[in-house]
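Engineer: A predicted structure for the sequence below; I have some questions about it.
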Amino acid sequence: MSFFKHRYLKIVIILLVLLASLMVFSKIGNNPVQNALNSIISPVFNAGEKVVTPVRKFVVAVKNANSYEAEIEELKKQVNALKIENRSREEYIVENRRLKELLSLKDGMQESRTITARVISYEPNSWYDTIMINKGENAGISKDNAVITGLGVVGKVTQVGRNWAKVSTLINISDSVGVKLARTGDIGVVSGDAALAENKQAKLEYMSNDKKLINGDILLTSGLGGIYPSDLSVGKVTEIHSDSAGNLEYATIEPSVDFSSLYEVLVITYHNGEWEKDNTDEGVAE
């Protein structure tokens, strides 16, 4: 077998040398040898070109695909960056709107001394019934100060530190507020209820004329009780529960403020005493 291998190798070498010589010789001019050589080589080159061309195109396509993939990844990064920028811009617009509303509310309460504070945390394991703000005694905040937003009543301060304060919201079972129906002026009390707090709701009781209560009624602070000024939005009636005689047991209230989306609040540290006067006259405790 080795004999034949060496023999074939010698033949191949001889043919290659001969072919190279012919190619060199053929360059001397246009002659029959050149023509014969071209007729032999041309089909080989054409066949090779038919094989090489698709391969070359495939290689170029792969390179282009890699280039396109890199461009797509770069475009994705740019899109994500624009989304973040747009989200930041939207958040800034929303925050700016909230602050303007709070400032407008503050300007409208000329008879009250107010302090703007930011919500920094919620009480763990609660249904948003207690929040913490970033202002306290050093800012002039004290226990039982009313806390509101542009939408309405949040609750009252229940605990104060030097640079923080805890606020019990309307759905806290320890909190209550004297209210009146915007439609009739009839008064009652809204307080927190453990069963309703899970749905961020409170309950209305002790209506002076419960026969007039209807779903959708708007409740405002009555100004009685010594904590909340009058005519602040508290919430609306969403469900009425009566006994067999038709007397009101309680009504479910949806607070005006969404306690799960609080960012900035206004703390009322002083009022002109108008509601304390009403409290003295009527003897109704908050």
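Structural biologist: Arrived safely, thanks for sending.

Engineer: Setting aside sequence neighbours, what's the nearest residue to Asn163?
Structural biologist: Spatial nearest neighbour of Asn163, excluding adjacent residues (CB to CB, 6 or more residues apart in numbering): Gly136 at 5.0 Å. Using the backbone N, CA and C atoms, a C-beta is placed for each residue, glycine as well.

Engineer: So that neighbour is in contact with Trp164, correct?
Structural biologist: Yes - counting by CB atoms under 8 Å, Trp164 is a contact partner of Gly136 at 4.8 Å.

Engineer: Mind checking which of those two has more residues around it?
Structural biologist: The residue with more neighbours, out of Gly136 and Trp164, is Gly136; 22 against 19, by other CB atoms under 10 Å.

Engineer: check contacts around the more buried one.
Structural biologist: Neighbour list for Gly136: 160-165 [criterion: CB atoms under 8 Å, 6 or more residues apart in numbering].

Engineer: out of those, who's nearest Ala245?
Structural biologist: Relative to Ala245, the closest of those is Ala165; by CB to CB it sits at 44.1 Å.

Engineer: Next, that closest one: phi, psi?
Structural biologist: With angles defined as degrees, to the nearest 10, Ala165 sits at phi -150, psi 150.

Engineer: all helices of this protein, in order?
Structural biologist: In the chain, the helices defined using DSSP state H lie at 2-26, 32-108, 194-197, 274-282.

Engineer: buried set for stretch 241-249?
Structural biologist: By neighbour count with 16 or more other CB atoms under 10 Å, stretch 241-249 contains the buried residues Leu248.

Engineer: What is the linear distance spanned by it between its boundary residues?
Structural biologist: In stretch 241-249, first residue to last residue: 6 Å (CA to CA, to the nearest Å).

Engineer: what does that stretch contact?
Structural biologist: 205, 207, 210-211, 213, 240, 250-252.

Engineer: Go again with 10 Å.
Structural biologist: 188, 203-207, 209-211, 213, 240, 250-252 (CB atoms under 10 Å, 6 or more residues apart in numbering).

Engineer: Between these, which sits nearest Ile84?
Structural biologist: Checking those against Ile84 with CB to CB, the nearest one is Thr252 at 40.6 Å.
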